[in-house]
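# A structural model of the following input is requested.
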Amino acid sequence: MTARTRAAAFSLAAASALVLGGAAAPAFAGSPSDFCSGDAAYANPHTAGAWWIEVCPNAGYIYEGDTANKTDAFDGVGYLTAVGATDVPLIAPASATTAGYVGDAYVASWTDAGVDLGGGTVVDVSVEFTLEGSFARWSISSVEAGTSTPVSIPIEWEGGLGSDGDTLYFVDGDRMISYGDDDDPVLMWSAESDTSTFFDVNDGSDAVLIEAEGAETTITVGMLDYDCATPNADAFAYAQTIFTTVEFGSTPVVPGTDDCVVAQPITVAPGAPLDVALDVTITGVTYPDGGDADYWIYDPAFDDEAVIEVTDYNVPDTAPGFRLTGTAPTTPGTYWIGLYPYPTESDIYPVGHLEVIVAAPAGPQLAATGSTTPVIGGIAAAVVLAAGAGILVLRRRQTV
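Take a look at the predicted model:
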């Protein structure tokens, strides 16, 4: 299985070569410095019920999205283009972008001034990109350059979905559902403009092209969560009952959902050495031939210092276990690690998330060995692995 590494920085050549479900992605104009460059330029926001992976705030780009129980929502989405005689990608230098948490939402905004679409059309385009709950939203407005006079322009939004060739679509006017892979969240879409919108999609292709025209355009996608025991088709059926009324910023979940993978949180001191067996419960998944696992540490600085190892690797009738080693972040806060313990010889890919709370010392601390020393907050004591237990360093999370 192919291990996934962090997304490379964009450049004109890379963007031109990227293929989304057989359709070429837009060839972005501008220099490579217009895009996120290096781990530090990306954000990995956590909102209620959702984990957003490798978000480029100055381009409104999302590499990947997880819900509590599902993964691989996207394969790179949010390519915005103002369409004219000359097409112009709607991006901005990071220095011209305002980005960060506003309440429970993560919001990035910028204005691309003096966009020359050819034929004498020059406009200022403002973009507000919001992640809230399990939803992402792109709000685009355009005015005549240097004025406050609204002007209608064509906009294209492009991206690829994690459901790949299994993708199916249900379109109803300015709303859409995409689905098709049991490991992926069902996606609920809306595209609204003061003139027109159109979903250009085809069953069996993960490429999504949304065409809109107007002075005000809003494109939204929300991830519907469901558990390991629920078929994707059942989740789609539930999505049909809510997709026209579901509220932006909410965390939609199929009723009766039980979390597939539950990892008990741990609390550690800043900069503390880590060597702890994780307390993970897996529900609704069997491992007749044993199992393996992948992981994803959302914060790049933490990722440079910590490693997840797998225990009970490929042991028949036994779920894989996890061990966190390395060093805790030096900055207090909450950090997240995605855990993906999958059965060997199976297409099932369950998902869970470990919360690592880094807090100043306030009592007994996590020992370097993870032997029996409790951690802050009364969380269960770490357990030393039995002598001779197999340990393998996990791969980073794969693209599924």
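# Give me the neighbour count for V143.
17 (other C-beta atoms under 10 Å). C-beta coordinates here come from the backbone N, C-alpha and C atoms, glycine included.
# That one is in contact with S152, isn't it?
No. Look at V143 against S152 with C-beta atoms under 8 Å: they stay out of range, at 10.6 Å.
# which neighbours do those two share?
Common neighbours of V143 and S152, using C-beta atoms under 8 Å, 6 or more residues apart in numbering, are A215.
# Could you pull out the helices in this structure for me?
Listed in chain order, the helices found in the chain under DSSP state H are 12-17, 232-242, 300-303.
# Mind putting the ones you listed into CSV with distance to V351, mean neighbour count and mean pLDDT?
Written out in CSV, the entries for these read as follows (distance: least, C-beta to C-beta, whole Å; neighbours: other C-beta atoms under 10 Å; pLDDT from 0 to 100):
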stretch, distance to V351, mean neighbour count, mean pLDDT
helix 12-17, 28, 14, 31
helix 232-242, 14, 17, 97
helix 300-303, 18, 17, 88
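# Kindly reformat those helices as a markdown table containing distance to T344.
A markdown table is the format used below for the helices of the chain (distance: least, C-beta to C-beta, whole Å):
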| stretch | distance to T344 |
| --- | --- |
| helix 12-17 | 34 |
| helix 232-242 | 22 |
| helix 300-303 | 26 |
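# For D289, which of the ones you listed is the nearest?
Ranking the helices of the chain by their distance to D289 (criterion: C-beta to C-beta) puts helix 232-242 first, at 23.3 Å.
# who's in contact with that closest one?
Contacts for helix 232-242 (C-beta under 8 Å, 6+ apart): 168, 170, 177, 179-182, 184, 186, 188, 224, 226, 252, 254-255.
# Tell me the one among those residues nearest to T111.
M188 (28.9 Å).
# residues touching V122, list them.
114-116, 144-145.
# any idea how far I53 is from V261?
Computed as C-beta to C-beta, to the nearest Å, the I53 to V261 distance reads 17 Å.
# hang on, the earlier thing: among the contacts of helix 232-242, which one lies nearest to D203?
Nearest member of these to D203, counting by C-beta to C-beta, is L168, at 5.1 Å.
# Not counting residues beside it along the chain, what's closest to the closest one?
Closest residue to L168 apart from its sequence neighbours, by C-beta to C-beta, 6 or more residues apart in numbering: G180 at 4.6 Å.
# wait, that neighbour sits on L187?
No. The criterion here is C-beta under 8 Å, and G180 misses it with L187 at 10.0 Å.
# higher neighbour count, these two?
L187 (26 against 21).
# which residues touch the closest residue in space to that one that isn't next to it in sequence?
Once flanking residues are discounted, L187 sits nearest to S178: 4.6 Å by C-beta to C-beta, 6+ apart. Each residue near S178 by C-beta under 8 Å, 6+ apart is listed here: 161, 163, 167-170, 186-187, 189, 201, 208.
# From the contacts of helix 232-242, list the buried ones, please.
With burial judged by 16 or more other C-beta atoms under 10 Å, the buried subset of those is 168, 170, 177, 179-182, 184, 186, 188, 224, 226, 252, 254.
# Out of those, name the two that are farthest from one another.
So, these by C-beta to C-beta: farthest apart are L168 and P252, at 18.7 Å.
# Kindly state the domain boundaries assigned to this protein.
12-242, 261-396 (automatic domain parsing).
# right, so those domains: which one is the most enclosed?
domain 12-242 (a mean of 19; mean count of other C-beta atoms under 10 Å).
# so how far is T197 from R137?
For R137, the distance to T197 - C-beta to C-beta - is 14 Å.
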